[in-house]
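A.B. asks: Next come a sequence and a model predicted from it.
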Amino acid sequence: MLILLEENYPMKISFTKRQYISFASVVFMLLIWKLLSLYFKSDFILPSPEKTLVTTIELFVDKGFLATVGITMARGIIGFFLSLILGLSLGIWAGINANFSAFLKPILVTIRSTPVIAVILLALIWLNTNAVPVFIALLTMFPFICTNVIDGIKSVDGNLTQMATFYKVSHWRIVREVYVPAIMPFIISGASSAMGIGWRAIIIGEVLSQPQYGIGTVMQSAQTFLKVDAVIAWTLIAVVISYLFEKVIRWSEKRIVVWK
Amino acid sequence: MSIVINNLNMHFDELTLFKNFSIEFAEGTISCILGPSGCGKTTLLNIIGGLQKPQNGHVLGIDKKSISYIFQEPRLLPWRTVQQNIELVLANAYDEPKRQQIAQNFIDLVELNGFENYYPSQLSGGMRQRVSIARAFAYPSDLILMDEPLKGLDVKLKLNLIKAFTRIWQVDKRTVLFVTHDVDEALMLGNDIIVFSKAPINVITQKSIGEPSVKRNLASPEYFELKNQLLKVLND
C-alpha cells in the first residue's frame, strides 16, 4: 500500500521533528568548529568554517576540480563493480557449495583482518600508482559483499525452492525468481557497508600512492604546503560524495526491494 | 486412471511407516486421508508427489500425470504479487496472454479479484492460502495433493477456504488427495474418507459420501453419526 501511495503523489517537502534535530546536530558541529578556530586564531592550525567554505567554492570552480573528483569517483565505482562481480560469483558458489565455502572463509577472514595500511604499503611496491587505490578498494569491499551474498543464499527458504521445483519451474527461472530477489537485500546492505569503508580506503591509497589525479593526491600536497583550509575543504567534498553514494544505494534499495 | 500403490515399504531407523502397504485412490474424486499425527500421511503424499523415495514398492498411474501441491504453508514468493505468484508456475505451459487470463480466472474463483497486485505480506493468512489454492488449480495438473492446508486457521477461515475450494472443484473435478487430522474437514470435503492407523499404516476404515460438498449439512443427524463413527475409530 505504501508503495502505491508514494508513486501516486507528487513529492511534498516537509520536515519532521527528527529532521530538525539532525539539522541542529550539524549546526552544533559547525559551532564547535567555529569556537575552536577562534581559540587557535591561526589558519595554519584550524581555519574558520567561513574561510573553509570560501576555499571549497574556489576548489569547485577550479579547472582541475572535475578531473580530481571524477577520477577518484571512477576509482570508487570501478573498485565497487569489480568487488560486486567477484563477490557475487564467489559468494553464490560458496552459498551453494559447502566445500567451497569452507575453503573461502579463511581467505575472507584474512583479507578482512589485514590492516588497510599494510595492504597499501605492499601494493605500492607491486602495482603502478593508478592501480593502487582501485586494488585497495577491491580488497576492502569484496569481503563485505561476498560474505553478505553467502549469508543471503543460506537464508533462501528451502520450502520455496521445493515448491518451485515441484511445479517444474525451470532452473534459470528459479535462480531469477527465487534466489536473486532473496539475496537482494543482503547485496544492498553489503554494498552499503562496502562503500562506506571502501571510499575511505581509496583516499588513503591516493594519499600514499600519489597518482596524477585524485582527492588523496591534492590533499597530500595541500598538507605539504600547510593549506589546512584546503585539506578540510577536500575532506568535506569527500564526505559529501560518500553521502551521495549512500543515498544512491538507499534509493535503489527502495526501488528494488518493494515487497516488504 | 486411478492411483494405485503396491507393496510400499518404508522405514526410518526404528520406525516402520509402511509395511507391504497397498491402496487405491479413485480418479476424479476427493479422497480424504484421516489419521493420527506422525503416522506418515505426509510421507505418503510426498512419495506420490515424488519428493521422497520409498525403500521399495510402486506408485502406479502417476507416470504421465502432472501434479499440484497445496502445502501446509502457502509458500508464495514474498517479492512477487498474487498474479505473478500464480503465473510463475504457468510459465512452461502457456504464453504470456494465456497465463494472465488463467491466473485471473482462478483469482476470481477464490474471490481475490482486486488483490492481483498485492504482495503476500499485504494479505491475511487465509488470503495467502487461497492464492496457493488458486495456484494449484491454475497449474495444468491431473492430481492435487493437499497436506493439511487448513491447519492452524480459525473455524471461519477454514469454512471460507473450503467454500473456495469446492467452488473451483465443482467446475474442475480433478483427483484430490487431502491429508488431514480434522474429521470435520474430511466430512466437509471428502468423497471418500479413509482412516489410517498409527505407523505402520493400515487402512482401518473407509467411508464414501455421495452428497456434493456444497449441499452437506454437518449439523444433520446422519453426519453427526458418521462423525462419531470416525472419531471412534481414530481414537481406538
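C.D. replies: Cool, got the structure. Numbers count the residues shown, from 1 in each chain, chains lettered A, B, ... in the order given.
A.B. asks: Confirm residue A:15 sits in a helix?
C.D. replies: No - counting by DSSP: H, G, I helix; E, B strand; the rest coil, residue A:15 falls outside a helix, being coil.
A.B. asks: Contact residues of chain A facing chain B?
C.D. replies: Listed as neighbours of chain B in chain A under the rule CB under 8 Å from any CB of the partner chain: A:1, A:159-160, A:162-164, A:166-170, A:173, A:177-178, A:181-182, A:184, A:257-260. Quick note: C-beta positions are derived from backbone N, CA and C, even for glycine.
A.B. asks: Return the subset of those residues lying in helices.
C.D. replies: The members of the residues of chain A next to chain B that map onto helices under DSSP state H are A:159, A:160, A:162, A:163, A:164, A:166, A:173, A:181, A:182, A:184.
A.B. asks: Quick one: residues contacting the third one.
C.D. replies: For residue A:162, the contacting residues are B:51, B:75, taking CB atoms under 8 Å, 6 or more residues apart in numbering or on different chains as the criterion.
A.B. asks: What's the per-residue pLDDT of it here?
C.D. replies: pLDDT for residue A:162: 93.
A.B. asks: what do you get for the first one?
C.D. replies: Model confidence at residue A:159, given as pLDDT, is 93.
A.B. asks: Contact partners for it?
C.D. replies: Residue A:159 sits in contact with B:71, B:73, B:75, where contact means CB under 8 Å, 6+ apart.
A.B. asks: Tell me which residue lies nearest the centroid of chain A.
C.D. replies: residue A:195 (1.4 Å; CA atoms, centre = their mean).
A.B. asks: Quick check: closest non-adjacent residue to that residue.
C.D. replies: Closest residue in space to residue A:195, ignoring its immediate chain neighbours: residue A:245 at 5.1 Å, by CB to CB, 6 or more residues apart in numbering or on different chains.
A.B. asks: What of residue B:8?
C.D. replies: That would be residue B:57: by CB to CB, 6+ apart, it lies 3.5 Å from residue B:8.
A.B. asks: For chain A, see how far away residue B:62 is.
C.D. replies: Distance, residue B:62 to chain A, using CB to the nearest CB, to the nearest Å: 13 Å.
A.B. asks: Just confirm that residue is within a helix.
C.D. replies: No - Residue B:62 is assigned coil when assessed by three-state DSSP, not a helix.
A.B. asks: Going along the chain from the lowest-mean-pLDDT helix or strand in chain A, find the next helix or strand for me.
C.D. replies: The weakest-scoring helix or strand in chain A, judged by mean pLDDT, DSSP states H and E, is helix A:2-8 (a mean of 45). Per DSSP states H and E, helix A:2-8 leads on to helix A:17-40 as the next helix or strand towards the C-terminus.
A.B. asks: hey, C-alpha coordinates of that following helix in PDB?
C.D. replies: The C-alpha coordinates for helix A:17-40 follow below in PDB (Å, rounded to 0.1, in the frame of the first residue of the first chain):
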ATOM      1  CA  LYS A  17      10.800  16.800  14.200                       C
ATOM      2  CA  ARG A  18      13.700  14.300  13.800                       C
ATOM      3  CA  GLN A  19      15.000  16.100  10.700                       C
ATOM      4  CA  TYR A  20      15.000  19.400  12.700                       C
ATOM      5  CA  ILE A  21      17.100  17.600  15.400                       C
ATOM      6  CA  SER A  22      19.500  16.200  12.800                       C
ATOM      7  CA  PHE A  23      19.800  19.700  11.400                       C
ATOM      8  CA  ALA A  24      20.600  21.100  14.900                       C
ATOM      9  CA  SER A  25      23.300  18.500  15.200                       C
ATOM     10  CA  VAL A  26      25.000  19.800  12.000                       C
ATOM     11  CA  VAL A  27      24.700  23.400  13.400                       C
ATOM     12  CA  PHE A  28      26.300  22.100  16.700                       C
ATOM     13  CA  MET A  29      29.300  20.700  14.800                       C
ATOM     14  CA  LEU A  30      29.800  23.900  12.900                       C
ATOM     15  CA  LEU A  31      29.600  25.900  16.200                       C
ATOM     16  CA  ILE A  32      32.300  23.800  17.900                       C
ATOM     17  CA  TRP A  33      34.500  24.200  14.800                       C
ATOM     18  CA  LYS A  34      34.000  28.000  14.900                       C
ATOM     19  CA  LEU A  35      34.800  28.200  18.600                       C
ATOM     20  CA  LEU A  36      37.900  26.100  18.200                       C
ATOM     21  CA  SER A  37      39.100  28.300  15.300                       C
ATOM     22  CA  LEU A  38      38.500  31.400  17.400                       C
ATOM     23  CA  TYR A  39      40.600  29.800  20.200                       C
ATOM     24  CA  PHE A  40      43.500  28.800  18.000                       C
END
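A.B. asks: about what we covered before: quick one: which of the ones in helices among the residues of chain A next to chain B has the most company?
C.D. replies: With neighbours defined as other CB atoms under 10 Å in any protein chain shown, the most crowded of those is residue A:163; it has 24 neighbours.
A.B. asks: Hmm, it is touching residue B:71, no?
C.D. replies: Yes - with contact defined as CB atoms under 8 Å, residue A:163 reaches residue B:71; the gap is 6.7 Å.
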